[in-house]
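Q: Predicted coordinates and the sequence they were generated for:
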Amino acid sequence: MPEADEVDEEEEMPLSLRLSIADTLTLGNATCGFMAVYFTTTGILIPHLTGNDASAGMARHSAATAVILMLCAAVFDLFDGLVARKLRSSPMGAELDNLSDLISFGLAPAYFVLVYGMVADDAHQRMAALGAIVVLLAVVLRLARFSCVTMKDGMFQGMPSPFGALTVVSIVLLELPFVATLLAILGTAWLMVSRVEYPKPRGRLAGAMLGWIVLSMGLLAAWAFDAPSGQLLLQTGCALQLVMGAVIPLFATARRVNNFRDNRREARAAQLP
């Protein structure tokens, strides 16, 4: 009998570890994050280190490709949650999601900042490395806290890591002075570990987020292929990303304040004779 039980457990174990559709999407997220690091290295860092002066166009194409891959990772991250809620996820689903997010929205944008500090004319490499470390650690802490803290339905505590990663790369692509760039990156990292509330992308908000990602891909493609006003369009899109990162939590805070006032008003009305 004990031997029979052991055989049954061995036969059941692979079933519990079988990947679901949602898990496959999550692995697509991780793949996009890794490929973003690859294009950042081969198209931006290596040509700079080898002194290839004729690589400006290649660097622009590679930077756009890396960011588009991070946007694709965000799409995978958006849909794996939707699919998991509609269908099912394996017992590994939550762990796979955190590990994939760490690659795509922690390592990839932090590495992007690090390479920016090495190739930009006015950048300071050590300070950029410090900013990259802060971004990476902010995502690590944010994902760890997400696994441990239970928030009320429909809200995130702190800027979601996909949104934070896209905000970080938008700051770099804006080509602001180095000090302003570094301060904005550190501010984004703080928002990711803060207690500021962000709404979860569900329903219309998920559709709006998907539309914004597709638009961002178009702006990056226009910039990569040197389309007319491509640089201006890209900078406009990056600026809007920063504005949304600052404005969205204000709406959530205003809603929470209004709910608090309504609850107090109802409590006072209930106390009246």
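A: Structure's in. What do you need? Numbering: from 1, shown residues only.
Q: any low-confidence regions in the stretch 151-273 of the chain?
A: Within the stretch 151-273 of the chain, the stretches with pLDDT under 70 are 151-154, 252, 259-260, 262, 272-273.
Q: now the strands for it?
A: Ranges of strands in the stretch 151-273 of the chain, per DSSP state E, counting those that start in this stretch, are 155-157, 197-199.
Q: Tell me which of those strands sits most buried.
A: Ranked by mean neighbour count under mean count of other C-beta atoms under 10 Å, the strands of the stretch 151-273 of the chain are led by strand 197-199, which reaches a mean of 19. Where C-beta positions appear, they are placed from N, C-alpha and C, glycine not excepted.
Q: about what we covered before: can you redo the strands of the stretch 151-273 of the chain as JSON lines with distance to F251?
A: Shown next, in JSON lines, are those (distance: least, C-beta to C-beta, whole Å):
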{"stretch": "strand 155-157", "distance to F251": "12"}
{"stretch": "strand 197-199", "distance to F251": "8"}
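Q: I248 is nearest to which of the ones you listed?
A: Closest to I248 of the strands of the stretch 151-273 of the chain, according to C-beta to C-beta: strand 197-199, at 6.0 Å.
Q: and for that closest one, what are the contacting residues?
A: Contacts to strand 197-199, defined as C-beta atoms under 8 Å, 6 or more residues apart in numbering, come from residues 154-160, 163, 205, 248-249, 252-253, 256.
Q: I'd like to know which of those are buried.
A: 156-160, 163, 248-249, 252 (16 or more other C-beta atoms under 10 Å).
Q: from the chain's centre, how far out does the helix or strand where L99 lies sit?
A: Secondary structure assignment for L99, by DSSP states H and E: helix 93-102. Its chain's C-alpha centre and that of helix 93-102 lie 13 Å apart, by C-alpha atoms, centre = their mean, to the nearest Å.
Q: So for that helix, what gets flagged as buried?
A: For helix 93-102, by 16+ other C-beta under 10 Å, it's 93, 96-102.
Q: Next, count neighbours for M92.
A: 16 (other C-beta atoms under 10 Å).
Q: follow-up on the earlier one: show me what the helix or strand following the helix holding L99 packs onto, helices and strands only.
A: Downstream of helix 93-102, the first helix or strand assigned by DSSP H and E is helix 108-119. The contact analysis (3 or more C-beta pairs under 8 Å, 6 or more residues apart in numbering; DSSP states H and E) places helix 108-119 against helix 21-40, helix 56-86, helix 125-148, helix 161-173.
Q: hmm, 6 Å instead?
A: Helix 108-119 is packed against helix 21-40, helix 125-148, helix 161-173, with contacts defined by 3 or more C-beta pairs under 6 Å, 6 or more residues apart in numbering; DSSP states H and E.
Q: Need the residues that contact the shortest one.
A: Surrounding helix 161-173, the residues in contact under the criterion C-beta atoms under 6 Å, 6 or more residues apart in numbering are 67, 70, 74, 77, 101, 105, 109, 112, 116, 135, 139, 142, 181, 184-185, 188, 192, 238, 241, 245.
Q: got the angle for that helix vs helix 93-102?
A: Counting by axes from the mean of the first three to the mean of the last three C-alpha atoms, to 10 degrees, helix 161-173 lies at 0 degrees to helix 93-102.
Q: CA atoms of helix 161-173 as CSV?
A: The C-alpha trace of helix 161-173 is given here as CSV (Å, rounded to 0.1, in the frame of the first residue of the first chain):
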residue,chain,number,x,y,z
SER,A,161,6.1,47.5,-12.2
PRO,A,162,5.1,47.5,-15.9
PHE,A,163,3.9,51.1,-15.7
GLY,A,164,7.0,52.0,-13.7
ALA,A,165,9.4,50.3,-16.3
LEU,A,166,7.7,52.2,-19.1
THR,A,167,8.0,55.5,-17.2
VAL,A,168,11.7,54.9,-16.5
VAL,A,169,12.5,54.3,-20.2
SER,A,170,10.3,57.3,-21.2
ILE,A,171,12.4,59.5,-18.9
VAL,A,172,15.6,58.2,-20.6
LEU,A,173,14.2,58.7,-24.1
